[in-house]
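Enquirer: following is a predicted model, sequence given first.
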Amino acid sequence: MLKIHHIFIAKFLILFVGAVLVSSFISYEALKSIIINNNTHYLQNSIKLIAIELSRVENLDAYALKINEDTKMRVTIVNSKGLVLAESDTDKTVMENHSSRYEIIQADNEEFSHTIRYSQTLKADFLYVAKKMFYKGEVIYLRVAMSLEEVMDDFYSLWIKLFFVFLFITLVALFASKKMSEKIVYDIVQITKYLDEISNKNFKATIKTKYFYEFLHISLLLKNLVKKLNSHDKKKRKYTAKLRLVNRQRNDILSAISHEFKNPVAAIMGYAQTLQQEPNLDLKIREKFLTKINSNGEKISKMLDRLALSVKLENNDLSIKATSFNLKLLCEEVIANLSSKYKTRKITLQAENYSVTADKTMIELVLINLIDNALKYSDDEVKIVLENQAVFVKDSGIGIKEKYLDKVSSKFYRVEKNSWDNSMGIGLAMVSYILKAHSTTLEIKSVYSEGSTFSFKIKNLLN
């Protein structure tokens, strides 16, 4: 099957050669007509010159022969009755009467008459030109003729030269067509390679068409298309990554919920089974078991509340209720509540009275989470410092490796599972959401095996 550039070149050559052939035929006919006309005029001028001398000529036969020798023209002189008076090329006695010859008849009506006819006498085509004139008071017809072979020799000589010119032009056209074909192939190959690269998702590939405007226009359209495809591919990759993240988070949720709920649920089931199996259990022990069941139930309820609150904060479904309060007093209340939970731990506060306008419940939740985390993952004193419009929660626990610092506040993220455990992975995420809603951020500084500092500025809290 022919390729497009082969078809283009083939059609171009067909049209070109066809045009050359047509122009050759037209030029052939035109040149032939021009040469015959020129020779007709030449014969007419010759007759005019002969007529000047004719009145002084005594011997017509000798004069006809002399003209033939000098000019190679055939000269015939005919009287008014068609009899041949003189002939340069043959015996006049054997020649037929010429009164019926076309050129003789037309000479009566025209200054010069001419025709092309096959001569039976000389067995050749001749161009005849005749003129009516007077010789010694009688009407005669002077006819000169030229063999068409002689006329056409000039034509063929010129035509051969033109043929070689046409041949040269055809060869030049073939060479130009070949070069044009190579350029077309080059641009097509560039586009093909570019499309192959794009099919392999190499959106940084380049295209270098350089010969034809149409291919350049196509390449520009392809580049615009590739930009759109690249943008679409990036969006697709982002969407795919988001789906993978969602799936991973879903698995993390299930894992976190399973991990966090396993102990309280197991405790509730254990105490409940013991009560069912021991109906005569001591009343004090029964009350203790029931208290444990209630305590673990409340623990599960609080974890569910935290999870629901985290989802609402993430979806911006929770409105902020701003009130003015003393941040130092709030810190003291949180420390008092946590001290009852961690009775053997020391929590210190270094702060001055400082009033802010914010959602008190939310900020309390932030403080509870940060201080509770510090107590969980350290054995020494936990310090809360309120200074320079910022709250700092400092511990000297196991710390967090630097590579995890940017991730510990992500939802459901738990570092190395068995080391720094962010309790279901929503505590610090929830803190981040709350602070974001108050136009501030959580900052974490930690040195592994030395301790961590969690802080947030409050100068940008709601006013």
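Expert: All right, it came through fine. Computed from a prediction, not measured in an experiment: that's the story for all the values here. Numbers count the residues shown, from 1 in each chain.
Enquirer: isn't residue 359 right up against residue 324?
Expert: No: using C-beta atoms under 8 Å as the test, residue 359 is too far from residue 324 to be in contact (11.3 Å). Every residue, glycine included, has its C-beta placed from N, CA and C.
Enquirer: counting neighbours, go ahead and name the busier of those two.
Expert: residue 359 (21 against 10; other C-beta atoms under 10 Å).
Enquirer: got the contact list for the closest residue to that one other than its chain neighbours?
Expert: Counting by C-beta to C-beta, 6 or more residues apart in numbering, residue 359 lies nearest to residue 320, which is 4.7 Å off, once chain neighbours are set aside. Contacts for residue 320 were tallied using C-beta atoms under 8 Å, 6 or more residues apart in numbering; they are 358-359, 362, 437-438, 462.
Enquirer: now those: which count as buried?
Expert: A residue is treated as buried here by neighbour count (16 or more other C-beta atoms under 10 Å); on that basis the buried members of these are 358-359, 362, 437-438.
Enquirer: what pLDDT does residue 67 get?
Expert: At residue 67, the predicted lDDT confidence score is 89.
Enquirer: distance of it from residue 349?
Expert: For residue 67, the distance to residue 349 under the criterion C-beta to C-beta, to the nearest Å works out to 145 Å.
Enquirer: which of the two has more neighbours?
Expert: Set side by side, residue 67 and residue 349 give different neighbour counts by other C-beta under 10 Å, the larger being at residue 67 (20 against 14).
Enquirer: quick one: the strands in this structure, in order.
Expert: Listed in chain order, the strands of the chain (DSSP state E) span 74-79, 84-87, 113-119, 124-135, 138-147, 323-326, 347-351, 355-358, 382-387, 390-395, 442-447, 451-457.
Enquirer: buried deepest among those, which one?
Expert: Greatest average neighbour count among the strands of the chain goes to strand 74-79 (a mean of 23), per mean count of other C-beta atoms under 10 Å.
Enquirer: averaged pLDDT, that strand. What do you get?
Expert: Looking at strand 74-79 alone, the average pLDDT works out to 92.
Enquirer: which parts of the stretch 201-350 of the chain are helices?
Expert: Defined through DSSP state H, counting those that start in this stretch, the helices belonging to the stretch 201-350 of the chain, from first to last, are 213-277, 283-314, 327-341.
Enquirer: contact partners for residue 170?
Expert: With C-beta under 8 Å, 6+ apart as the criterion, the residues that contact residue 170 are 16-17, 20.
Enquirer: how does it look with 7 Å?
Expert: Residue 170 makes contact with 17, 20 under the criterion C-beta atoms under 7 Å, 6 or more residues apart in numbering.
Enquirer: surely residue 452 touches residue 395?
Expert: Yes: taking contact to mean C-beta atoms under 7 Å, the distance of 5.9 Å between residue 452 and residue 395 places them in contact.
Enquirer: low pLDDT regions in the stretch 51-200 of the chain?
Expert: Confidence mapping of the stretch 51-200 of the chain against pLDDT under 70 gives the ranges 150-152, 154-155.
Enquirer: give me the nearest residue to residue 74, chain neighbours excluded.
Expert: The spatial neighbour of residue 74 that comes closest, neighbours along the chain excluded (C-beta to C-beta, 6+ apart), is residue 145 at 4.2 Å.
Enquirer: specify the beta-bridge partners of the one you found.
Expert: With DSSP bridges as the criterion, the beta-bridge partners of residue 145 are residue 74, residue 128.
Enquirer: touching, it and residue 68? I think so.
Expert: No: contact criterion C-beta under 7 Å: residue 145 and residue 68 do not qualify, at 10.3 Å.
Enquirer: one step back: quick check on the residue nearest to residue 359: phi, psi?
Expert: Here the main-chain torsion angles of residue 320 (degrees, to the nearest 10) amount to phi -90, psi 130.
Enquirer: switch to numbering from 305
Expert: New numbering, starting at 305: the last item is residue 624.
Enquirer: got the confidence number for it?
Expert: Model confidence at residue 624, given as pLDDT, is 76.
Enquirer: what's the spacing between it and residue 695?
Expert: Distance check for residue 624 against residue 695: by C-beta to C-beta, it reads 18 Å.
Enquirer: which residues touch stretch 340-359?
Expert: Contacts of stretch 340-359 from elsewhere in the structure, counted by C-beta under 7 Å, 6+ apart, are 371, 375, 377, 416, 418, 431, 433, 435, 437, 439, 446, 448, 450, 455.
Enquirer: could you redo the last one with a cut-off of 10 Å?
Expert: Outside stretch 340-359, the residues that touch it by C-beta atoms under 10 Å, 6 or more residues apart in numbering are 361, 364, 367-368, 370-371, 375, 377, 379, 381, 415-416, 418-420, 431-435, 437-440, 444, 446-450, 452, 454-456, 458-459.
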